[in-house]
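In: what's the 3D shape of this:
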Amino acid sequence: MAIATGAAGSQPRNWNAAHFAALVSGNAALALGPWFVRLADSGPVSAGFWRLTLAVPLLAAIALASGQKLGGYRPAVWWAIAGAGVFFAFDLGMWHIGIHYTRMGNATLFGNAGSLVVMAAGLIALHRWPRGNEWLAFVLALGGTAILLGRSFEINHTTLLGDLFCLTAGLLYAGYILLMKRPRETLGNWAILTWSSLAGAPVLLAFALVLGEPIWPSQWWPLIGLALVSQVIGQGLLIFSLRHFSAMVFGLALLCQPAIAVAVGWLAFGEVLGWPDFLGMALVAAALALARSTQD
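Out: Model (predicted):
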């Protein structure tokens, strides 16, 4: 799930092989997140708590080293961060639960569905109907989602439930992005990640306790990997590359995530997909790329 804040500019700036490698590698790192979640023995929501908690010190250090301030904000900004942290927490919680019940490719695609919701919210704010590629994005998303949900229903009702958890996570992610609109005007990306992670961690801990999940793991490496690879390295590489590409290129690079997730699901968990699955994924992936392109 891509949670880098901000949006790429409407025109690509100067970029080189290092920027492109960072863009692809960042998406690849995020695609490994579901693998770490499945390997963690602390419970899926608890894994989200550790993902944020373990990452906060590193994120704060990077923010300060980048010259981004971590305090002195207006009250309205603090309230927006707090609200976004709650959405962020439930986004991760729902997504991590869904990862355990559906295929990794489905989880990755549906977890990024917030791009479509953000596009829809933008159209509502502009008081206009979709046009051109916007209509196409919605049609592709509906068609692809219908195929994937139908396939999950055929395979196992539990898999369908996992898809719905991941779709819900995508909606919550959109709420996070929309609430962070005001803080993005004054905060740097690393500061946003630091505070949203810090605000979301206690919510995830409470969520896990209510569900009766084990909190303390018997093995730490999947959780450390989740925090470093997904929350720090993945986001860091995307933030590094964000300013150098148009939103369309950034959206197309997002398609690396489901491709890698499908490969990992096959190699690590024996998940086999048929041609209808690939068709549904292709439609949803194309819809996400188009949705990103409208956010220039």
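In: what's the weakest-modelled helix or strand in the chain?
Out: helix 247-253 (a mean of 65; mean pLDDT, DSSP states H and E).
In: what comes into contact with whatever helix or strand comes next after it?
Out: Toward the C-terminal end, the helix or strand that comes next after helix 247-253 (DSSP states H and E) is helix 256-269. Contact partners of helix 256-269, identified using Cβ atoms under 8 Å, 6 or more residues apart in numbering, comprise 2, 24, 27-28, 30-32, 34-35, 38, 103-105, 107-109, 112, 271-273, 281, 285. Yep, even glycine has a C-beta here, placed from its N, CA and C like the rest.
In: any idea how far residue 109 is from residue 59?
Out: The spacing between residue 59 and residue 109, counted by Cβ to Cβ, to the nearest Å, is 26 Å.
In: ok, those two, which is more surrounded?
Out: When neighbours are counted by other Cβ atoms under 10 Å, residue 59 and residue 109 differ, and residue 109 comes out ahead with 31 against 26.
In: Do you know the pLDDT at that one?
Out: Confidence at residue 109, expressed as pLDDT, is 81.
In: got it, and the one 4 residues further on?
Out: According to the prediction, residue 113 has pLDDT 76.
In: biggest helix in this structure by residues?
Out: helix 75-99 (DSSP state H).
In: chain center to the helix or strand that it is followed by: distance?
Out: For helix 75-99, the following helix or strand on the C-terminal side (DSSP H and E) is helix 104-111. On the basis of Cα atoms, centre = their mean, to the nearest Å, helix 104-111 sits 10 Å off its chain's mean C-alpha point.
In: when you give positions from now on, start the count at 454
Out: Will do, 454 is the new start, and the previous item becomes helix 557-564.
In: What sits closest to residue 670 if chain neighbours are left out?
Out: Once flanking residues are discounted, residue 670 sits nearest to residue 495: 4.0 Å by Cβ to Cβ, 6 or more residues apart in numbering.
In: right, I mislabeled it, should have said residue 488
Out: Leaving aside its sequence neighbours, residue 488 sits nearest to residue 717 (Cβ to Cβ, 6+ apart; 5.2 Å).
In: Number of residues surrounding the one you found?
Out: 19.
In: circling back: angles on the backbone of the residue nearest to residue 670, please.
Out: Phi and psi for residue 495, reported as degrees, to the nearest 10, are phi -100, psi 0.
In: So it is in contact with residue 674, correct?
Out: No - using Cβ atoms under 8 Å, residue 495 is not in contact with residue 674, being 11.9 Å away.
In: These two - which one has more neighbours?
Out: Looking at residue 495 and residue 674 with other Cβ under 10 Å, you find the greater number of neighbours at residue 495, namely 22 against 11.
In: so who does the more buried one touch?
Out: Residue 495 touches 503, 666-670, 676, counting by Cβ under 8 Å, 6+ apart.
In: Give me the buried subset of those.
Out: 503, 666, 670, 676 (16 or more other Cβ atoms under 10 Å).
In: Kindly reformat these as TSV containing secondary structure and pLDDT.
Out: Converted to TSV, those look like this (DSSP: H, G, I helix; E, B strand; the rest coil; pLDDT from 0 to 100):
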residue	secondary structure	pLDDT
503	helix	97
666	coil	95
670	coil	94
676	helix	96
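In: out of those, what pair is the most spread apart?
Out: 666 and 676 (13.1 Å; Cβ to Cβ).
In: Among the contacts of residue 495, which pair sits farthest apart?
Out: 666 and 676 (13.1 Å).
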